[in-house]
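1. A structural model of the following input is requested.
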Amino acid sequence: MDRIQASDFHDLAKPSDPRVAPDGDHVAFVRTVPDDDESYESTVYLAPTDASADARRLTVEEGADAEPRFSPSGDRLAFTSTRGKDDDTQQLWLLPLDGVGGEAERVTDVVGGVSGISWSPDGTRIAFLQSVAPEDREEGRDVEIPEEYEPEEPDPRVIDRTVYRSGTEYFDGKRPQVYVADVESGDLTRVTDGDHDHAEPTWADDGTLYFTAEKVGDDPDDNYQIDVVAYDTESGETEDVHRTTGWGASLAVTEDHRIAYTYTEEEQASIQPTELHVYDRAADETHDLTADLDRTLGYEAAPQWGPDEERVFFSTPDEGATSLWSAPGDASGEPEREYRGGAVNGAHVADGVTAITKSEWDHPGDLFVFAHGRTGGGGAAGADGSEERRLTRLNEEYLDSVEVREPEPLEFESDQGPVEGWVLTPPGFDGEARSASAERTESAEPESYPLAVEVHGGPHAMWTTSGTMWHEFQTLAARGYVVFWSNPRGSTGYGEEFMQAIERDWGDVTLTDVMAGVEAVASREYVDETNAFLTGGSFGGYMTSWTVGHTDYFRAAVSQRGVYDFSGFYGSTDGAYKLVEGDYDTTPWEEPEFLWEQSPVAHADGVETPTLVLHSDRDYRTPDNTAELFHRILRKHGVDTRLVRYPREGHELSRSGEPAHVVDRIERIVRWFDGYSEHHDAERALDRPEDDGLSAGEDDEDGGSDETSDEDVDGE
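-> Purely as a prediction, here's the structure:
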């Protein structure tokens with residue numbers, strides 16, 4: 001069988017956003033696969049829940065489709081798509097599903113794009129969000145774009161907000177506003193018009209639409225308070241009915257106006273668990289549904305009421321897997337686990353059936369369904385013992401042609417307590433055969449492998465055996481590395497105390513756990529502990545740069561999109577500056593020396609480990625200025641280093657960057673490691689031609705790529 005390569009990313013299809021039809025017979029989902037070096041093809045598919053037929057494509061292969069949503073009667077499917085739009089703004093489309101079929105029709109042509117779509121219960125209207133500037137509303141471009149309209153970039157760009165950019169874009173005065181579209185006429189109603197952000201449009205009944213508004217205080221960007229607002233469609237009046245706090249708020253509302261929403265304590269919110277509350281508007285009562293559940297709510301599936309509107313369903317990270325739970329809306333009983341398994345990235349509950357999209361160790365993503373129960377328990381099926389049914393095998397042909405390795409779970413002891421991790425061995429490795437061989441011939445030394453250590457981002461995230469890292473881990477193993485990853489303290493999924501253990505100390509606390517795992521794996525006879533390598537992104541980039549400043553254990557390292565200087569990060573990031581205020585309970589003007597000592601750049605003058613630095617030009621979560629500082633310090637001290645910058649990319653490079661960049665990033669990690677590995681016959685990346693060993697160079701007749709390049713500042 002073939003070995004997995006970085007370039008195989010172009011062949012991998014992944015599912016997301018499952019939605020069960022009202023009759024429970026079908027599930028709609030989005031299938032995404034790279035289309036070329038720069039873009040993806042995202043189309044809506046439909047699969048029968050009884051697995052009686054293969055999933056079939058519903059939408060044309062043009063543009064990027066998202067958010068498939070069945071009408072309440074199930075005869076139409078609403079979705080958003082960029083088809084026909086040169087500026088890639090998502091517009092609202094409708095596709096008939098009444099058995100006769102037909103072409104999808106576009107409902108909107110608006111300047112700010114469409115997201116967060118929600119059907120009214122009677123199926124006559126769809127609420128949605130659109131990000132627009134005041135001048136867009138004044139000129140009516142938020143209702144229909146004029147034929148000759150050409151947007152202009154601000155010159156100069158004037159900033160009047162604390163948080164003025166995110167993702168890969170500047171806001172430039174735009175705010176998410178709420179709209180309602182009449183599905184028959186296409187007429188749009190502008191629901192909100194304030195100079196603040198709105199989110200989560202959600203219907204209770206035909207006459208009431210709820211949404212959230214961040215409008216509290218003199219600077220809403222600088223606090224966590226969020227209002228829940230009710231909009232009366234007949235009178236056009238709005239009313240603030242409740243308030244929550246958090247990084248954002250998810251809403252789910254019943255017909256009798258019980259509002260399920262997420263809540264995070266405002267004090268040091270970044271290290272607090274996210275809870276699930278229900279506000280009963282009629283009784284004016286609030287219930288905490290997760291008070292006794294030592295887990296934080298996850299982003300994999302937003303809270304949603306079950307079909308009987310008596311229980312709320314939600315997800316959490318849970319000790320290296322994803323769990324789906326349900327709890328009575330009045331908090332009369334404890335949450336019960338409905339499902340546990342894999343890395344779930346989407347879930348939807350309907351009458352008697354739950355659909356999920358997830359990846360597992362042996363595949364990068366597929367669609368599954370199971371009957372949901374209320375008996376507690378866990379495992380890889382419904383909590384009521386129902387069988388999990390797999391509805392797709394999106395990558396079957398590819399997976400049949402390559403060797404996929406199964407990770408070995410590993411629980412190890414750190415000085416701080418137990419930690420969970422995993423070990424992935426290279427293709428062809430047979431632990432039992434190796435042990436038998438070693439026993440037969442005492443003088444024969446078994447073959448050993450170099451070790452690649454990965455550290456996750458967050459810092460309050462959680463890794464599993466799969467998820468978005470499936471391809472990268474398998475690629476490193478296929479290249480001959482034993483791969484080790486773990487969930488050190490600070491990770492979610494192991495309780496509040498475990499998550500908060502890195503308060504005011506990201507570096508040493510995490511390093512203690514990671515190195516305990518490294519020592520446990522490196523002690524194995526088939527691992528060459530003198531050939532260990534390190535990488536990680538975001539918080540993992542912070543930890544990579546922190547680690548090489550405190551130990552020379554690793555032969556080489558690759559630091560990706562990291563935080564290198566807390567003060568620089570605080571002043572240039574988006575809303576993530578709250579991580580400094582929350583996790584460290586301070587600011588740069590209160591404890592400048594302390595934050596400097598907690599920054600990797602403060603220790604960069606002692607780095608000896610060859611370190612590659614990867615960053616994105618439009619990363620507004622961890623802006624490139626601190627990466628440039630770290631790289632320059634390494635160069636000034638003669639460390640083998642290189643800075644690689646990816647144009648057009650943001651913080652999500654490894655997950656949703658341009659396909660060619662995703663591949664290039666993995667190949668550069670492997671090439672950097674190989675150049676310092678005694679187990680690979682490879683020169684240092686600094687000594688090789690620029691594109692040698694990279695896919696970008698294979699298709700370029702000139703031997704170079706204008707898409708991604710190393711800066712001509714390589715250190716020796």
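2. Which element is encountered next along the chain beyond the host helix or strand of residue 530?
-> If you go by DSSP states H and E, residue 530 is part of strand 527-537. As assigned by DSSP H and E, the chain's next helix or strand after strand 527-537 is helix 539-548.
3. between that following helix and strand 527-537, how big is the angle?
-> If you take axes from the mean of the first three to the mean of the last three CA atoms, to 10 degrees, helix 539-548 sits at 130 degrees to strand 527-537.
4. Mind giving me the packing neighbours of helix 539-548?
-> strand 449-455, helix 506-522, strand 527-537, strand 556-560, strand 611-616 (3 or more CB pairs under 8 Å, 6 or more residues apart in numbering; DSSP states H and E). C-beta coordinates here come from the backbone N, C-alpha and C atoms, glycine included.
5. if we can go back for a sec, can you list the buried residues in the strand holding residue 530?
-> Within strand 527-537, the residues scored as buried using 16 or more other CB atoms under 10 Å are 527, 528, 531, 532, 533, 534, 535, 536, 537.
6. what do you get for stretch 515-524?
-> Across stretch 515-524, burial judged by 16+ other CB under 10 Å covers 515, 516, 517, 518, 520, 521, 522, 524.
7. Can you tell me which of these is closest to residue 258?
-> residue 517 (44.5 Å; CB to CB).
8. In JSON lines, list the buried residues of strand 527-537 along with distance to residue 116.
-> What follows is those, written out as JSON lines (distance: CB to CB, whole Å):
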{"residue": "527", "distance to residue 116": "48"}
{"residue": "528", "distance to residue 116": "51"}
{"residue": "531", "distance to residue 116": "49"}
{"residue": "532", "distance to residue 116": "45"}
{"residue": "533", "distance to residue 116": "42"}
{"residue": "534", "distance to residue 116": "39"}
{"residue": "535", "distance to residue 116": "35"}
{"residue": "536", "distance to residue 116": "32"}
{"residue": "537", "distance to residue 116": "28"}
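9. need the helices for the protein, in chain order.
-> With DSSP state H as the criterion, the chain has helices at 134-138, 396-399, 431-440, 470-478, 496-499, 506-522, 539-548, 566-572, 578-583, 592-597, 624-636, 653-656, 659-674, 695-698.
10. In the chain, where is pLDDT below threshold?
-> When residues are selected by pLDDT under 70, those of the chain lie in 99-101, 372-386, 432-446, 697-716.
11. Name the stretch among the helices of the chain that sits most buried.
-> Ranked by mean neighbour count, the helices of the chain are led by helix 539-548 with a mean of 28 (mean count of other CB atoms under 10 Å).
12. And the contacts of that helix?
-> 454-459, 461, 490, 506-507, 510-511, 514, 534-536, 553-554, 557-564, 600-601, 603-604, 607-609, 611, 622, 630 (CB atoms under 8 Å, 6 or more residues apart in numbering).
13. my read: residue 683 touches residue 675, true?
-> Yes: at 5.9 Å, residue 683 and residue 675 qualify as touching, with contact defined as CB atoms under 8 Å.
14. When those two are compared, which one has more neighbours?
-> A count of neighbours by other CB atoms under 10 Å puts residue 675 above the other of residue 683 and residue 675, at 21 against 14.
15. and the closest residue in space to the more buried one that isn't next to it in sequence, how many neighbours does it have?
-> Nearest residue to residue 675 in three dimensions, chain neighbours excluded: residue 684, at 3.9 Å (CB to CB, 6 or more residues apart in numbering). Residues near residue 684, counting by other CB under 10 Å, number 17.
16. need the contact list for residue 684.
-> So residue 684 contacts 610, 640, 675, 676 (CB under 8 Å, 6+ apart).
17. Counting neighbours, which of those residues comes out on top?
-> For the contacts of residue 684, the largest neighbour count, defined by other CB under 10 Å, is 25 neighbours, found at residue 610.
18. Leaving out the residues flanking it, which one is nearest to it?
-> Closest to residue 610 by CB to CB, 6+ apart is residue 640, at 3.5 Å.
19. The one you found contacts residue 611, doesn't it?
-> Yes: using CB under 8 Å, residue 640 is in contact with residue 611, at 7.4 Å.
20. Any chance you could list residues touching both of these two?
-> residue 556.
21. Quick one: residues contacting residue 629.
-> 564, 565, 568, 601.
22. Among the residues you listed, name the ones in strands.
-> Assigned to strands by DSSP state E, none of these qualify.
23. Which pair in those has the greatest spatial separation?
-> Within the contacts of residue 629, two members stand farthest from each other by CB to CB: 568 and 601, at 8.4 Å.
24. just to revisit the earlier point, output the buried residues of stretch 515-524 in TSV; the columns should cover distance to residue 341.
-> Listed next are the buried residues of stretch 515-524 as TSV, based on distance: CB to CB, whole Å:
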residue	distance to residue 341
515	30
516	27
517	23
518	28
520	25
521	25
522	30
524	28
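25. quick one on the thing from earlier: can you lay out the contacts of residue 684 as JSON lines showing distance to residue 72?
-> JSON lines is the format used below for those (distance: CB to CB, whole Å):
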{"residue": "610", "distance to residue 72": "59"}
{"residue": "640", "distance to residue 72": "61"}
{"residue": "675", "distance to residue 72": "59"}
{"residue": "676", "distance to residue 72": "60"}
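26. Spit out the contact partners of residue 206.
-> Contacts of residue 206 (CB under 8 Å, 6+ apart): 120, 121, 122, 124, 233.
27. Neighbour-wise, which one of those residues leads?
-> Busiest of these [other CB under 10 Å] is residue 120, holding 22 neighbours.
28. Distance check, that one against residue 205.
-> Noted for residue 120: a distance of 9 Å to residue 205, by CB to CB, to the nearest Å.
29. again, but for residue 405
-> Taken as CB to CB, the span from residue 405 to residue 205 is 52 Å.
30. so what sits against both of residue 568 and residue 601?
-> Joint contacts of residue 568 and residue 601 (CB under 8 Å, 6+ apart) are 626, 629.
31. just to revisit the earlier point, now, which of the contacts of residue 206 sits nearest residue 260?
-> residue 121 (16.9 Å).
32. Isn't that closest one up against residue 233?
-> No: judged on CB under 8 Å, residue 121 makes no contact with residue 233 at a distance of 11.5 Å.
33. If you tally nearby residues, what's the number for residue 638?
-> Neighbours of residue 638 (other CB under 10 Å): 10.
34. before we move on, back to that, got TSV for the helices and strands packed on helix 539-548, with distance to residue 9 too?
-> Formatted as TSV, the helices and strands packed on helix 539-548 follow (distance: least, CB to CB, whole Å):
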stretch	distance to residue 9
strand 449-455	17
helix 506-522	26
strand 527-537	16
strand 556-560	16
strand 611-616	16
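35. quick one, which of those is nearest to residue 300?
-> Nearest of the helices and strands packed on helix 539-548 (CB to CB): strand 527-537, 19.4 Å.
36. what does that closest one rub up against?
-> 448-457, 481-482, 518, 521-523, 542-544, 547-548, 553-562, 609, 654, 669, 673, 676-679.
37. just stretch 37-55 next, same as before
-> Contacts for stretch 37-55 (CB under 8 Å, 6+ apart): 15, 20, 24-35, 56-61, 64-66, 68, 77, 79, 95, 353, 355, 367, 369, 389-392, 656, 658-660, 707.
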